[in-house]
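[1] Dropping a prediction and its sequence here:
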Amino acid sequence: MPHRYNGRDENEIPNTDNEETMLISGIPDEEAQYRQELPPLRRVNRRTAQQSNEDFYRNDQSQPEELPQFPHTTPPPPPHRYDHNDVNYYDYAQQPPQNSGDCYPPPPAPEAPHQKTEPKKKTAPPPAAEPEQPQKKKKKHHKSLLRRITGRIFRIVLVLFLLVFGIYSCTSVCLIRKVNHVPSDNRTHYADSVGRGHVRSVLVIGTDGRTADDRGRSDSMILVSMNSKTNEIIMTSFMRDCYVEIPDNGWDKLNAAYAYGGPDLLMETLEYNFDVRIDDYVSVDFASFVSVVDAVGGIDIEVSDPEAEQINIILISEVNELMGDDRNADLLSGGGKLHLNGKQALSYSRIRNVGNNDFERTERQRRVMSLIFAKLKSFKPSMFKNLASDVIPDVSTNMTDLKMYLLSLRVPFALRYDTKQIQIPAEGTYYGDDVDVGNVLQVDRDANSDLIEREVFSQG
């Protein structure tokens, strides 16, 4: 099939030049003259043309000189087809003429020189990653729901705790303000407090005074100690007939110290003779004792027939008259498991002529106090009314309002403690004697001090 150039056949284009050139129609005379001035084309093959092209771009770093642009826009027709075996064949596809302006496409980019690459080292394949377990949305939702429920329960419990704490604090403050506060002088402490900070001791003094202004003598002396290491409440009762040395007052019965100098001197006497640390005191008279028992609803106690007879005698002789009742009021018909009211419990605590005199007397007093503590554990609103109106105003103490409030915060925990009772002098550490002040108990003070140290201030 004949080639066509610009709409004419190959045979219609006359060859006006020698064998190495030809006339391309449509080129202006100026361009034809310029081409005649170009050096003659070299005979190259594909490999020579490619190598020369690479050498040119590798060595010549300068910019090629621009040729003048021609006004025509029609590209020149391709040359005649020659046989590839002809030595005069010129391959325009492999080596386009240089500096030809816009008439020819740019030369191909030079190939990078061949470099010898080192063989890649075989590396161990990375450990296969464990497939991720898909997250269970239901479990996450369950945890979120559980967290919200737990948080809500915690907030409810916190609000209830603050509410109960506020009510308890208000109740304590109201009761504390009704207590008869007696400022204490700077008394002398004869007992060392080192190593005894875990025990809080309050001396409960029961006086035989008929009125608040009547000091009289101390009828009962019970040291109530709260040991936070052994979780115990230790009630230590001191017998009133112990023959002791009263500071600045010589030797006398223990209950005389209260008559000489009141609660402060009594506490100093106990510390001086028995090396027991006492922090504060609470004083209760006959009327207050009766009110306390009635406020808790009475006590249930086993009473023998001789004890019931002595209760009736004490009621008729002094207690009914002291409380303004008929002399024959509240008498007992006999012994047994009885429910005693305040007057009957007071008469029971003052029995001295049944059993081993004062030893059993102090034991009865500790028993009554233990039953009162047991009733306080089941606190009822009615108790608060009776305590606030009948008991608290008749109670005297040297504690400040702050001390009493801090002590009241410990009471709910202390009510769960175990209760233990001891008496001073202990069995086998005393003997009876008749001295100028009457019948007394001569006491081995060192042996009883060691007993107090072991039982009251135990480290657990």
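    That came through fine. Numbering: from 1, shown residues only.

[2] which residues in the stretch 101-250 of the chain form helices?
    137-178 (DSSP state H, counting those that start in this stretch).

[3] which stretches of it have low pLDDT?
    101-143, 209-216 (pLDDT under 70).

[4] Which residue ranges of it form strands?
    180-181, 199-207, 218-227, 232-238, 243-246, 250-253 (DSSP state E, counting those that start in this stretch).

[5] who wins for proximity to Ile311 among those strands?
    strand 218-227 (16.2 Å; C-beta to C-beta). Bear in mind the C-beta positions are built from the backbone N, C-alpha and C, glycine included.

[6] Give the other helices and strands that the closest one contacts.
    Where contact means 3 or more C-beta pairs under 8 Å, 6 or more residues apart in numbering; DSSP states H and E, strand 218-227 is packed against strand 199-207, strand 232-238, helix 256-274, helix 357-377.

[7] Kindly recompute the last result at 6 Å.
    Judged by 3 or more C-beta pairs under 6 Å, 6 or more residues apart in numbering; DSSP states H and E, strand 218-227 is in contact with strand 199-207, strand 232-238.

[8] In PDB, list the C-alpha atoms belonging to the shortest one.
    What that stands for is strand 232-238. C-alpha atoms of strand 232-238 as PDB (Å, rounded to 0.1, in the frame of the first residue of the first chain):
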ATOM      1  CA  GLU A 232     -12.700  -4.300 125.900                       C
ATOM      2  CA  ILE A 233     -14.600  -2.300 128.400                       C
ATOM      3  CA  ILE A 234     -13.000  -2.900 131.800                       C
ATOM      4  CA  MET A 235     -14.900  -1.900 134.900                       C
ATOM      5  CA  THR A 236     -12.600  -1.700 137.900                       C
ATOM      6  CA  SER A 237     -14.400  -1.100 141.200                       C
ATOM      7  CA  PHE A 238     -12.400   0.200 144.200                       C
END
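
[9] What lies in contact with it?
    221-226, 254, 362, 366, 417-424, 456 (C-beta atoms under 6 Å, 6 or more residues apart in numbering).

[10] Please export the C-alpha coordinates of whatever helix or strand Asp294 lives in as CSV.
    For Asp294, the host element (DSSP states H and E) is helix 286-295. This file holds the C-alpha atoms of helix 286-295, laid out as CSV (Å, rounded to 0.1, in the frame of the first residue of the first chain):
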residue,chain,number,x,y,z
PHE,A,286,-28.8,8.9,144.1
ALA,A,287,-31.5,10.7,142.2
SER,A,288,-29.5,10.5,138.9
PHE,A,289,-28.9,6.8,139.4
VAL,A,290,-32.6,6.1,139.8
SER,A,291,-33.3,8.2,136.6
VAL,A,292,-30.7,6.3,134.6
VAL,A,293,-32.3,2.9,135.4
ASP,A,294,-35.8,4.2,134.7
ALA,A,295,-34.7,5.8,131.4
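
[11] angle of that helix against strand 199-207?
    Helix 286-295 and strand 199-207 are oriented at 110 degrees to each other (axes from the mean of the first three to the mean of the last three C-alpha atoms, to 10 degrees).

[12] Tell me the buried residues in helix 286-295?
    By 16 or more other C-beta atoms under 10 Å, the buried positions in helix 286-295 come out as 286-295.

[13] Against Pro247, how distant is the closest residue in space to Phe384 that isn't next to it in sequence?
    Using C-beta to C-beta, 6 or more residues apart in numbering and skipping the chain neighbours, the partner closest in space to Phe384 is Thr171 (6.5 Å). Computed as C-beta to C-beta, to the nearest Å, the Thr171 to Pro247 distance reads 39 Å.

[14] Run through the stretch 301-450 of the chain and note the low-pLDDT ranges.
    Where the stretch 301-450 of the chain drops to pLDDT under 70, the residues are 379, 381.

[15] Would you map the helices across it?
    Ranges of helices within the stretch 301-450 of the chain are 305-314, 320-323, 342-349, 357-377, 381-386, 401-414, 445-455, based on DSSP H, counting those that start in this stretch.

[16] of the buried residues of helix 286-295, closest to Val303?
    For the buried residues of helix 286-295, the nearest to Val303 is Val293 (14.4 Å; C-beta to C-beta).
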